[in-house]
Every structure is written in structure tokens, then in C-alpha cells.
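**Student:** Take this sequence and fold it.
(one chain, ligands or ions: 1)
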Amino acid sequence: MRIAQLLMVLFYLAVTFSAEAQTRVQLTLKKGWKFSREDNASASGINFNDASWQSVEVPHDWAIYGPFDRSNDIHRMAIVQDGQTKATEHYGRTGGLPFTGAGWYRNRFSIPDFTGDKRVKIQFDGAMSNARVYVNGKEAGYWPNGYNTFYLDITGLINNDGKENVLAVRLENFEEQSRWYPGAGLYRNVHLIVTDKTHIPIWGTYVTTPVVEKDVARVNVRTRVHASGEGNLKLVTEIRDKSFNTIASAENTLSKADMGEFSQNLAVENPQLWGIKQPNLYTAVSRLYENNQLVDEYTTPFGIRTLEIKPNDGFYLNGEKIKFQGVCLHHDLGPLGAAVNEAAIRRQIRTMQDMGVNAIRTSHNMPAPEYVRIADEMGMMLMVETFDEWAIPKVKNGYNRYFNEWAEKDLTNVLHHYRNNPSVVMWCIGNEVEEQSDKHGSRVARFLQDICHREDPTRPVTNGMDRPDHVLSNNMGAVMEVPGFNYRPFRYQEAYDRLPQQVILGSETASTLSSRGVYKFPVERKSMAQYDDHQASSYDVEHCGWSNLPEDDFIQHEDLPYTIGEFIWTGIDYLGEPTPYYSAWPSHSSLFGAVDLAGIPKDRFYLYRSHWNKEEETLHILPHWNWEGREGEVTPVFVYTSYPSAELFINGKSQGKRTKELSVPLEGSYTTEAQKSFERQKRYRLMWMDTRYEPGTVKVVAYDNNGKAVAEKEVRTAGKPYRVVMQADRNVINADGEDISFVNVKLVDKAGNFCPVEDREISFTVKGAGVFKAVANGNAASLESFQLPRMKLFSGQLTALVQAGEEPGTIVLEAKAKGVQSGRIEILVK
Ligand code: GAL
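**Tutor:** Numbers count the residues shown, from 1 in each chain. Coordinates of the predicted model:
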């Protein structure tokens, strides 16, 4: 018996023997999968022999194992969006990984005691893409969108006699279907849900909090029912607090006038509101009775909070004005590819929170359910986005192929799926869609926005638009509840003047480029700069042709009362889109992140942190101070700090004091001269442009508003590398076979100084209660495998991922490199 089957039986027995009537059973199919890249049509059949196929666990991304190759999904086209007018070959645009073509998965499961009185559904949290699902040799359904959650009723295909059922899934990805790395396969979870004939359907509850006062909140719970016949239906809904105590309940019977949907109002006294880093959650437990017999029990986690957008004022959460300090994030998890993993998601959100981020835009697609749940649990706002394309293509085989037939179904699924999650504070129906330039583009925007309002009138709706001229003239800008603009912050004022809403969202901003620990001289503001090493300068002075530096957005959102904040492109690097290295293989991942692909902060992380994170002090110096060969040359020093001013010392000699120039105005700061002399930057970063390199110590002393020295920091020239140093993000992880510890690995000299220009290879061995999972160094031009237990350091660092087994114990990770002492770290698995 396969483990999945055994679990099913155990779970089933547990439910059957519980005191309550047997209600729903949910099983997540993680194990027992067989996988093949061979496209054999008979693989859907019951008797197909899959013994020679690879055994895998789901979530599984078939493409992340590589190898990288320039010939994977070459795009021969002009990227019009990026201003290209001539078709050229783009390599690595989708990551240079082998995600195209077909792949098959097969599994077996049984449902003991299955009778025709049950209902069986299969839910895919996301399957990349064009999923065709077969149960016992018969097609159960098809879903083209690779990001969305969908479910199929497979009751009629299940064996009646408790016999094993065969599940087969065929997926297929096309060339030119995406503008970035989409991942491949069953990269999100698959669930079986068995209910009574009379039951609450998937996403059948809708919880809203129409009135929230200090001492009481009204919670409205709408619950849909699928009934098998004419029996009397009763619903008991209880609201539980975070300790699972019942704090309110309601009981109703269903009348004809209810049209199959209960609506109940419950009062929660002294509600604990959900907010930023304040993840207060409640649970609604719904018990459905048919003729007084319990037939279903359904739980809905939710939060109590209010949202409001006030013209000329801004966005309010729980009555408090908040500017979005947001990041756009792609769905991939760096070296894990698209395969969903809770530990990796938690680490992303934790890192973003440390940067001062309060909101994430799930660009440009539906997030994994784990992502939304974890955002709920960590107090991170989400702007959930659905589409990068409507009916007019950006890429030949993109969603445009499906839009007309599928858009409403896809949008409805995501709205039903996440409308109870308090972290979701806004829907975003599109990103830079081509319809912006279409005479009737606003009609499509209205169509999609209406669906959002129909299914969830409680949240605002936006759209990321990057063609102000077009959307101001075809009404798309005016139709949106919240006009969201991508880039060109200097056009906000004009958009505000011409639009009726009196608010502007920076739905996508910055696209600043940098590579961790790489610095270019002379330090000059540059657009689309390319270098032989395929990197960008970490002085944070480089951007794309359509974009800008972080401060060029800060100043808008600080000075214009109608701006409601921004979502920077991007919080973290992602696979694909190696802009500006479009055709410069081996570049295959992005340089936009404030954090690199290995999850290691770049300098830019600290610039955002100094401005956004008001709870903690930031005092960060750049560049590193190992510039052999640059002795005596101008080597500017920047300090990103939450303090207003600081003094810089090189080997004890003062280089002068700098103070943030808060009086730099928005007006006039866009001239070529002002851009060149970093006028806006002077308001937010401290810059010593004329310092010269000499080995030794760079020290910064920060002063508060009263001129008192309050903090200091030093960077020293490192000597010869001496040993490997390792630090885990978590030293204790769960024995669940999935949890991951992310271990930072670097070299230091004998005195413990970080060696910032090291690139020697580190090799790993793992012993004990876990396995080596992956490794990443954040170098967007490295073709090294993410899975082999060795990799070169990039700017002196990398991240090794070790995964827990299913038994408690200790994992020992060892790291070796030529000519230095090895490192060793223990991680406890509990
Ligand atoms: C935007 C687009 C993003 C990404 C970014 C790079 O125009 O919305 O998906 O391509 O440019 O700067």
C-alpha cells in the first residue's frame, strides 16, 4: 500500500470513529507520484505501466533541475513594452530552464467505503500549465491557467468498491508563453476532498465585517449549500478566537427564499483587529445539518479589519492612514523554482518585513494558497493580481489564447478563493496590458472590475498601467476604482489633474538595477548600462530606460497627498528577465531585487529599510573596502541610514559630515542637471563622492537631530581568507520532510573580517536528519546547478538550503573550500 493510500485510510478511520457523524475528509496528495517528460497519450490509462517513471513528491517543479541552456525558449521578437522596435533573439528571458513541452504525473488513491452518496473533488492549487486531468482513464477536466487554483468534481469517475483509483495529469508548456520563468509541473499542492452529497462547496463561505467598532464588530457569514434533496437544512456557525474558544454563534434554518445560501450576522465583542504585523485571526466553524444530522463541517479563517480609500488623502487600514511600502514579487522561490514551500515563503516575508515592507503585489498572477495564508499569519498586506495579458498578446502563446473564454472563470476562482483572507486588501486585474492602447480597452477593464465588485464588493480594484497618454484618452484610467501607474512618477500630477478619483497608486515603481556586492566606477547615474561581467552597480545608480532610482519615487509619495504609496519592482530577484542583458547569455535571472536570488540583501535593501522601517535603526556603509589596485583612486562612499546625518572617517581621518537634505523639492528635481548631481538622492542617502581608497577602516558615526553621536559602524579591508563561516536563518526546523533551514555561507579572514570579493567554490556534505536541498549565490549569470552540493561564492557569499527529513534528529552541514578552514553547523530537527 502506498503511503498516500495508507494516510487516507488512517484519516478516514479517524473520522469514521469520531463521535461526530462522518463529514468531510481532505487529503493532500504529496507522495507516491510518478513523473515522466515523455508525452505518451496512453499514460492516461488505468493499466499503463509507469514503473520506469521517476518517483517524485509534489510540489514538484520539473524544470528547476536544469540544465540551463541558451536554447531553452529563445524569444525572437521585439519587447515593445521595453521600447524595442526591432525583433532580436532574447536568451534567458524565461530563465534558460527546460520548462517547455509536456510532462505527465500519475498517482493512485483509494476511498474506502465510497458510495454514490459521497461527493469527491480534486483541487489543484496551481498546475503549470494546460492541465488535463484523468481519473481511471477518463478525462475529468481541463484548466489552462497555470497559476490559478481550480477543482473538478470527479465523483462519477471514482471506483465504487473501495478499489484503487488511478489519477493521471498531463501538463504542457509552450515556447513564448511567458515573460519570465513560470515553473513547470505540479508545483503546487493537489488535494482530494470527500464530502456528503449535501455539503458546503469549496470556497462556499464568504465572511465580511461590515461594521467594526471598538467594542463590537458585526461579522456577516454567507454560506452556500449544495443539497442532495428536500431535507431540512440547518446551519450552526461558531466564531472561534485564536485560542479556538467560541465567542459567538448563530443557528438558522434554510428557507426557500434563501436560494441555497445562508446569511448570518454574528457579533464579536472587543474585536482584535487584523493589521500590519498584527495578525489577529478568527475562525468561522460552519456545521451543516440535514434533517438534524450533521453532514458537513467547514472552517474559514478570517480577520476583522476595515479598508477605506479617501480622495486626496489616501488608503486607510483600521482607520489609520497607510502608504503602501510595497514590493512586487514573482512566484518563484529562487533555487527551489516555482515549487511551493512554506519555509521559503516565510523567509521571504520575514526579510521583506525587516526591510519595512507592508504590502506585496503578487505580480503578475494568482499566488499559492500557502502564500496568502502565511501573509494572514504574519500581518503582511497583499495586492492579489490576476493577469499580465488580456486578449491582446504580449507573447505569442500567453494568456491571450485563453482570455475570452477563461477570464471570468479564472477571476471568479481567485476572488472566491481569497476573499476571506484579511491580508488581501486590493485586487489588481492586469499589468501593462496591450488593451491600454485600444480604443475599447476601458470596456475590458470595466468588465473585469465589475466581476471583482460582484464577487467581492469589500475591496478596491486597480490595474497597473504604464501608458499614461493612452489610458488618459481611452478612459481606462478613469474607469478604475484605483488608478495604478507603473513607472513615470513625473506624470502623476498630470494623471491626478485629469482623472476623477483623486488618488494615485504607484502600482509598479523603480526597476533599479544592481548586483549584490558589485560596484562600478565612476559612480554615475546610468540607464540600461551593460558591463562585461553581466552585472549592475550596487551603488544603486542604474535603472532601465523606463524607470528610475528609489528616491525618485520616495519624493512623490512623501510630497503628494493624493499618492497612496508604491510597489517597487522588485523586492527579490527572480528567474528570467535579465534586463538589460536581453541577449547576453548566460544572464538568465533578474537584477531588479533589493534582495538577490539567494535571499541575501543587496545594499539597496538598506536604502529602503532606512526610509521604510521606522521601528529599527539602519546604518549601512557601501561599498566594501577591498579595492586592491584602486589605491588613491576616487572611490565614493554611501551611507544608508535612518539617522539624519553622519560623519565618515577613513583610517581615522574625517571625510566630513553629511546631512540628509530634506529641503530638496519635488519641483525642479527632474532636470538633467539635477538628475546627474543626484539632487533627490541627497534627501535620502548620505554620499561622499570624492573619497579615495586606501586599505584600512571606513567608519561612520551617525548623529541624531540634536547633533548627538548615537551610533557607529565600520567596514575593514579583509586580509587573506581563513575560514568558512555559516549562519542559519533557523537552527530548529520541523521533522515534516518539507521544512528548510537557509544557511548563509561566507569566508572571513583570521580576524573575522568578511572577504567580499571571494568567489572560490564551496562544497557541502550533509549528514543526519535531513538532506541537502539546494544552493544559490545570487549571481544572475551563473550557470551552476541549484541542486549539486557545491557552488562558487558570489561577492563572498551564498545560501545553502538543507531540508528536514521526517524523523527528529540533528542535521550536520559541512562546508569546505580550498585553502581555508571548513565550516560546520548543526540544525535541530524536531
Ligand atoms: C514592467 C513589467 C514587469 C517587468 C518590469 C521590468 O514593465 O510590468 O513585469 O517586466 O517592467 O522593469
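**Student:** my guess is K682 meets L662, correct?
**Tutor:** No: the criterion here is Cβ atoms under 8 Å, and K682 misses it with L662 at 9.5 Å. C-beta here means a position set from N, CA and C on the backbone, and glycine is covered the same way.
**Student:** Where does the stretch 401-550 of the chain get nearest to the ligand, which residue?
**Tutor:** Using Cβ to the nearest ligand atom, S511 is the residue of the stretch 401-550 of the chain that sits closest to the ligand, at 3.6 Å.
**Student:** burial count for that residue?
**Tutor:** By the criterion of other Cβ atoms under 10 Å, S511 has 22 neighbours.
**Student:** One more: K86?
**Tutor:** Burial measure for K86: 6 neighbouring residues, criterion other Cβ under 10 Å.
**Student:** now V725
**Tutor:** Using other Cβ under 10 Å, the number of residues around V725 comes to 18.
**Student:** Can you tell me what sits against whatever helix or strand it lives in?
**Tutor:** Secondary-structure element containing V725, defined by DSSP states H and E: strand 721-728. Counting by Cβ atoms under 8 Å, 6 or more residues apart in numbering, the neighbours of strand 721-728 from elsewhere in the structure are 741-750, 755, 758, 760, 762, 800, 813, 815-817, 819-825, 827.
**Student:** which bits of the stretch 551-700 of the chain sit near the ligand?
**Tutor:** Proximity of the stretch 551-700 of the chain to the ligand is assessed by Cβ under 6 Å from any ligand atom, with 569, 577, 579 identified as the residues in range.
**Student:** Return the residues in contact with the first one.
**Tutor:** When you say that, I think you mean W569. Under the contact definition (Cβ under 8 Å, 6+ apart), the residues listed for W569 are 328, 363, 508-511, 547, 592.
**Student:** Give me every residue in the stretch 301-450 of the chain that's in contact range of the ligand.
**Tutor:** Selection of the stretch 301-450 of the chain residues close to the ligand by Cβ under 6 Å from any ligand atom yields 431-432.
**Student:** Let me see the ranges of the helices in the stretch 301-450 of the chain.
**Tutor:** 342-355, 369-378, 403-418, 441-455 (DSSP state H, counting those that start in this stretch).
**Student:** Whatever helix or strand comes next after the last one packs against which elements?
**Tutor:** If I follow you right, that is helix 441-455. Past helix 441-455, further along toward the C-terminus, the next helix or strand under DSSP H and E is strand 461-465. Packing partners of strand 461-465 (3 or more Cβ pairs under 8 Å, 6 or more residues apart in numbering; DSSP states H and E): strand 424-431, helix 441-455, helix 476-479, strand 482-486, strand 504-510.
**Student:** Tell me which other helices or strands the longest one touches.
**Tutor:** Judged by 3+ Cβ pairs under 8 Å, 6+ apart, the packing partners of helix 441-455 are helix 403-418, strand 424-431, strand 461-465, helix 468-473, helix 476-479.
**Student:** how about the ones you listed in JSON lines, adding mean neighbour count and distance to L294?
**Tutor:** Putting the helices and strands packed on helix 441-455 into JSON lines (neighbours: other Cβ atoms under 10 Å; distance: least, Cβ to Cβ, whole Å) gives the following:
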{"stretch": "helix 403-418", "mean neighbour count": "19", "distance to L294": "24"}
{"stretch": "strand 424-431", "mean neighbour count": "26", "distance to L294": "31"}
{"stretch": "strand 461-465", "mean neighbour count": "27", "distance to L294": "38"}
{"stretch": "helix 468-473", "mean neighbour count": "18", "distance to L294": "53"}
{"stretch": "helix 476-479", "mean neighbour count": "22", "distance to L294": "47"}
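**Student:** Let me have the ones you listed in a markdown table, adding mean pLDDT as columns.
**Tutor:** A markdown table is the format used below for the helices and strands packed on helix 441-455 (pLDDT from 0 to 100):
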| stretch | mean pLDDT |
| --- | --- |
| helix 403-418 | 98 |
| strand 424-431 | 98 |
| strand 461-465 | 98 |
| helix 468-473 | 98 |
| helix 476-479 | 98 |
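**Student:** can I get those in TSV with distance to E667?
**Tutor:** Below are the helices and strands packed on helix 441-455 laid out as TSV (distance: least, Cβ to Cβ, whole Å):
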stretch	distance to E667
helix 403-418	41
strand 424-431	30
strand 461-465	24
helix 468-473	19
helix 476-479	23
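**Student:** Of all these, which one is nearest L192?
**Tutor:** Closest approach to L192 among the helices and strands packed on helix 441-455 (Cβ to Cβ): helix 403-418, 17.5 Å.
**Student:** Restrict the closest one to CA atoms and write it as PDB.
**Tutor:** Once side chains and other backbone atoms are set aside, the C-alpha atoms of helix 403-418 remain, and they are given as PDB (Å, rounded to 0.1, in the frame of the first residue of the first chain):
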ATOM      1  CA  PHE A 403      -8.700  35.200 -22.200                       C
ATOM      2  CA  ASN A 404     -12.000  35.500 -23.900                       C
ATOM      3  CA  GLU A 405     -13.200  32.000 -22.800                       C
ATOM      4  CA  TRP A 406     -11.500  31.800 -19.400                       C
ATOM      5  CA  ALA A 407     -11.000  35.300 -17.900                       C
ATOM      6  CA  GLU A 408     -14.300  35.300 -16.000                       C
ATOM      7  CA  LYS A 409     -13.800  31.700 -14.700                       C
ATOM      8  CA  ASP A 410     -10.200  32.500 -13.600                       C
ATOM      9  CA  LEU A 411     -11.100  35.700 -11.900                       C
ATOM     10  CA  THR A 412     -14.100  34.200 -10.100                       C
ATOM     11  CA  ASN A 413     -12.000  31.400  -8.800                       C
ATOM     12  CA  VAL A 414      -9.300  33.700  -7.300                       C
ATOM     13  CA  LEU A 415     -12.000  36.000  -5.800                       C
ATOM     14  CA  HIS A 416     -13.800  33.200  -4.200                       C
ATOM     15  CA  HIS A 417     -10.600  31.600  -3.000                       C
ATOM     16  CA  TYR A 418      -9.100  34.600  -1.300                       C
END
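**Student:** in the stretch 601-750 of the chain, which ranges drop under the pLDDT threshold?
**Tutor:** Judged against pLDDT under 70, the stretch 601-750 of the chain has no low-scoring part.
**Student:** element containing A711?
**Tutor:** In this assignment (DSSP H and E), A711 forms part of strand 709-716.
**Student:** on that earlier part again, quick one: which of the helices of the stretch 301-450 of the chain is nearest N148?
**Tutor:** Comparing those against N148 with Cβ to Cβ, the closest turns out to be helix 403-418 (5.1 Å).
**Student:** Which parts of the stretch 701-830 of the chain are strands?
**Tutor:** For the stretch 701-830 of the chain, the strands defined by DSSP state E, counting those that start in this stretch cover 709-716, 721-728, 732-733, 740-749, 761-768, 770-776, 790-792, 797-804, 809-816, 823-829.
**Student:** quick revisit: got a list of contacts for the strand holding A711?
**Tutor:** Residues outside strand 709-716 that contact it (Cβ under 8 Å, 6+ apart) are 617, 619-621, 624-625, 643, 696-704, 751, 753.
**Student:** And stretch 248-265, what's buried?
**Tutor:** For stretch 248-265, the neighbour count (16 or more other Cβ atoms under 10 Å) marks 248, 250, 254, 258, 262, 264 as buried.
**Student:** now the last one, what's its secondary structure?
**Tutor:** Judged by DSSP: H, G, I helix; E, B strand; the rest coil, the three-state class of Q264 is strand.
**Student:** Could you find the closest non-adjacent residue to the closest residue to the ligand within the stretch 701-830 of the chain?
**Tutor:** With Cβ to the nearest ligand atom as the measure, A780 is the residue of the stretch 701-830 of the chain nearest to the ligand, at 13.7 Å. Counting by Cβ to Cβ, 6 or more residues apart in numbering, the nearest residue to A780 once its immediate chain neighbours are dropped is S589, at 4.4 Å.
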